[in-house]
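In: Turn this into a structure:
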Amino acid sequence: MKKLISFTALCMAIFVAFCTAASAQNPEKQPTPEELAATETEHLENALKLEDWQVFYVDSTLQHDFAALEAELKEMQAAKVGNYDMYRDIQDKWMEQIDNSFKKWFTPAQWKKYLKMGAGKSQKEREKRRAKIAKANKEISE
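Out: You can find the predicted model right below:
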């Protein structure tokens, strides 16, 4: 189980590093969103024992959302945005979208296992960031 959690964390770390990498790096060495989606789909298929139809939806979701995430991050890089929090907000938005999609397709047992694999911790971290931003915005408006 620890290996599974470690692998999931590694996959997410690789994805974050890929998305926030400087444009000066060699693009041939960076995995494409399609490669990342295929790797993560295979991992989830094996870990959660997904049905064929679930694998299709997971792969489709990851293919689309990883590509959209990459496009938004590249747009931010092109605009020379230097605020790391803005990049993290975009990543949070797309990871939340992925989790919402997965919740529709996973059985309750698969969803519970998915959360235990690290997604639950990620959701809590995103919620803490949202609460912190909401608190800061409230203080500003007062």
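In: Kindly list the main-chain dihedrals of residue 49?
Out: Residue 49 adopts backbone torsions of phi 50, psi 60, taken as degrees, to the nearest 10.
In: er, residue 50 actually
Out: phi -70, psi 150.
In: ok, now which ones touch it?
Out: By C-beta atoms under 8 Å, 6 or more residues apart in numbering, the residues touching residue 50 are 44, 58, 110. C-beta here means a position set from N, CA and C on the backbone, and glycine is covered the same way.
In: State the distance from the last one to residue 57.
Out: Okay, so that is residue 110. From residue 110 across to residue 57, the span is 12 Å (C-beta to C-beta, to the nearest Å).
In: that older thread, now that you've got the contacts of residue 50, can you turn the buried subset into something I can paste into ChimeraX?
Out: Of the contacts of residue 50, the buried ones go into a single ChimeraX selection, burial set by 16 or more other C-beta atoms under 10 Å:
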select :44,58,110
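In: Please convert the contacts of residue 50 to CSV, extending it with pLDDT and distance to residue 64.
Out: As requested, the contacts of residue 50 are arranged in CSV below (pLDDT from 0 to 100; distance: C-beta to C-beta, whole Å):
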residue, pLDDT, distance to residue 64
44, 96, 16
58, 97, 11
110, 97, 21
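In: Looking at the contacts of residue 50, spot the one nearest residue 101.
Out: Set against residue 101, the nearest of those by C-beta to C-beta is residue 58 (8.3 Å).
In: Give me the three-state assignment for residue 80.
Out: coil (DSSP: H, G, I helix; E, B strand; the rest coil).
In: Run a quick neighbour tally on it.
Out: By other C-beta atoms under 10 Å, the residues close to residue 80 number 6.
In: could we number from 32 for the rest of this?
Out: All right, first residue 32 from here; so that's residue 111.
In: nearest residue to the residue positioned nearest the centre of the chain other than its sequence neighbours?
Out: Nearest to the geometric centre of the chain sits residue 126, at 3.8 Å (C-alpha atoms, centre = their mean). Closest residue in space to residue 126, ignoring its immediate chain neighbours: residue 153 at 6.5 Å, by C-beta to C-beta, 6 or more residues apart in numbering.
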